[in-house]
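Student: The following block contains a protein sequence and its predicted model.
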Amino acid sequence: MIQFHNATDTDDKIININDVTQDNRAEHYFCIGCGKEMSAVLGEKREHHFRHKEDTCSWESYLHQLGKKLIKQRFETSTEFIVQYYGQSTCQKWEECKLRKSCGQLKCQSKLLFSVDLKNNYDTCEEEAGYKGFRADLKLTHSEYPEREPIFLEIFVTHECKPDKIESGIKIIEIKIDSEIDVLRPIIENEGSMVEPKPYTPYNVKTIPPIRFYNFERNVTPEYPLNRFYLYRDGNGLLRGCCEQNKITCQNVETEHNDLSLFEVAILEKSVPNKQQYGLYSLGLALAIKKGFKIKNCFFCNRFRSCVLIKTTNQINPQTGKPGVIRVPNHKISKDLDRTKIASSCPNYQTDNYLCSRIISSFNPDTYWEWL
């Protein structure tokens with residue numbers, strides 16, 4: 001015998017039989033499906049349940065109404081409403097992409113499980129509301145953006161969505177309910193049951209997946225952010241390098257360039273190992289030097305380790321009355337030192353081509369792009 005575990009009270013609030021006690025069992029309870037009065041059965045031999053005082057209504061109608069009310073309640077009382085469905089990551093540039101060999105772990109051509117919080121785009125849930133000539137069991141909209149296309153939540157007990165509703169292009173999430181507990185399950189599409197928006201795909205009722213998504217965008221183009229080095233000439237005519245983080249992606253790296261750029265290098269951040277001695281800045285300067293740019297930077301001088309700079313101190317020389325000076329090895333001075341400016345006026349500067357080659361060889365050429 002079918003047992004009903006939920007009913008509504010006089011305030012139309014859903015009451016589960018587990019919340020009914022001997023103290024409140026005599027209150028008025030009503031069937032969610034037909035609206036007729038029910039009584040709470042709290043015996044010791046049988047499972048507690050609600051029972052119609054008159055003839056029992058349709059179990060299908062009860063489940064359908066229960067599904068609508070509990071899902072609506074979940075949407076309105078939760079801070080988030082997560083749904084998950086499968087899609088496909090597809091990149092048209094995959095065949096010639098530089099990252100294909102070096103970063104095979106990137107999911108550029110694979111099935112993905114999208115997780116979406118519908119509360120980010122919708123704040124209203126209406127029962128039996130219409131749109132484009134169709135009526136939804138539950139319609140999600142946004143009160144401040146009424147022009148936003150809604151989402152239909154359809155409760156399927158015995159009648160699935162009809163082909164014309166599916167082919168309308170409206171985003172639909174169909175939730176199959178066979179029992180009361182099905183209403184509480186997460187809204188996650190089964191892997192392998194991805195439904196194409198068109199044409200309508202019929203199922204055998206007994207094998208229909210519990211959750212189906214219609215007319216959702218399932219194909220995405222992966223865009224991985226890249227860090228960029230660019231070479232430019234400053235106001236004094238000196239060639240300098242600068243790095244930008246996440247300014248471009250693998251999709252626009254060949255078309256989007258810094259307005260000041262004379263030369264650029266772009267790389268995926270994860271392509272630079274944490275223990276790598278040299279970073280993007282060093283790689284960019286080394287490649288630019290190899291391209292023929294007359295760059296001067298103390299770090300790239302073959303006399304860098306033996307270079308000594310004269311620095312003034314805060315102490316006053318008692319004999320001259322002027323600040324004292326000390327000789328400090330260049331490589332031991334703070335990185336804040338403007339080594340481009342210093343090297344540009346140094347008569348002894350000599351480019352360390354061996355260092356440039358060593359830096360470049362420490363990187364996989366399939367992990368970065370160059371633009372000249």
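Tutor: Nice, I can see it. Remember, predicted model here, so these are calculated numbers, not experimental data.
Student: where exactly do the strands run in the stretch 1-150 of the chain?
Tutor: Counting by DSSP state E, counting those that start in this stretch, the stretch 1-150 of the chain has these strands, from start to end: 6-8, 14-16, 29-30, 37-41, 49-52, 82-89, 110-117, 124-131, 134-141.
Student: Would you mind finding the most buried of these?
Tutor: Between the strands of the stretch 1-150 of the chain, strand 6-8 has the highest mean count of neighbours, a mean of 24, where neighbours are mean count of other Cβ atoms under 10 Å. Yep, even glycine has a C-beta here, placed from its N, CA and C like the rest.
Student: Of all the strands of the stretch 1-150 of the chain, which one comes closest to residue 341?
Tutor: In terms of Cβ to Cβ, the element of these nearest to residue 341 is strand 82-89, at 46.5 Å.
Student: May I have the strands that pair with the closest one, each with its orientation?
Tutor: strand 110-117 (antiparallel), strand 187-188 (parallel), strand 219-220 (parallel) (DSSP bridges).
Student: The longest one: how far from the chain's middle?
Tutor: Relative to the centre of its chain, strand 110-117 is centred 9 Å away, using Cα atoms, centre = their mean, to the nearest Å.
Student: what's the answer for the last one, then?
Tutor: Using Cα atoms, centre = their mean, the mean C-alpha position of strand 219-220 is found 13 Å from that of the whole chain.
Student: before we move on, back to that, for the strands of the stretch 1-150 of the chain, which one sits closest to residue 337?
Tutor: The nearest among these, by Cβ to Cβ, is strand 82-89 at 45.3 Å.
Student: need the strands of the stretch 1-150 of the chain in TSV with mean pLDDT, can you?
Tutor: Converted to TSV, the strands of the stretch 1-150 of the chain look like this (pLDDT from 0 to 100):
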stretch	mean pLDDT
strand 6-8	93
strand 14-16	91
strand 29-30	92
strand 37-41	91
strand 49-52	90
strand 82-89	91
strand 110-117	89
strand 124-131	96
strand 134-141	96
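Student: Would you mind giving those as JSON lines with distance to residue 233 added?
Tutor: As requested, these are exported to JSON lines (distance: least, Cβ to Cβ, whole Å):
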{"stretch": "strand 6-8", "distance to residue 233": "74"}
{"stretch": "strand 14-16", "distance to residue 233": "71"}
{"stretch": "strand 29-30", "distance to residue 233": "80"}
{"stretch": "strand 37-41", "distance to residue 233": "83"}
{"stretch": "strand 49-52", "distance to residue 233": "81"}
{"stretch": "strand 82-89", "distance to residue 233": "40"}
{"stretch": "strand 110-117", "distance to residue 233": "43"}
{"stretch": "strand 124-131", "distance to residue 233": "56"}
{"stretch": "strand 134-141", "distance to residue 233": "54"}
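Student: among those, which is nearest residue 266?
Tutor: strand 82-89 (20.9 Å).
Student: Let me know the angle separating the lengthiest helix in the chain from strand 134-141.
Tutor: Criterion DSSP state H: the longest helix present in the chain is helix 59-77. Angle, helix 59-77 to strand 134-141, by axes from the mean of the first three to the mean of the last three Cα atoms, to 10 degrees: 20 degrees.
Student: Show me what helix 59-77 is in contact with.
Tutor: 2, 4, 6, 14, 31-34, 81, 118-119, 125, 127, 137-138, 140, 153, 155, 157-158, 175, 177-180, 182-184 (Cβ atoms under 8 Å, 6 or more residues apart in numbering).
Student: again with stretch 229-240
Tutor: 241-244, 257-258, 260-266, 280-281, 283-285, 288, 293-296, 340-341, 344.
Student: so which of the strands of the stretch 1-150 of the chain gets nearest residue 168?
Tutor: strand 134-141 (6.1 Å).
Student: what about the helices in the stretch 201-350 of the chain?
Tutor: For the stretch 201-350 of the chain, helices defined by DSSP state H, counting those that start in this stretch occupy the ranges 280-290, 339-344.
Student: which other residues reach the longest one?
Tutor: Here helix 280-290 makes contact (Cβ under 8 Å, 6+ apart) with 227, 229-231, 239, 241, 243, 263-265, 267, 272, 278, 295, 297, 299-300, 351, 353, 355-357, 359-360, 363, 368, 370.
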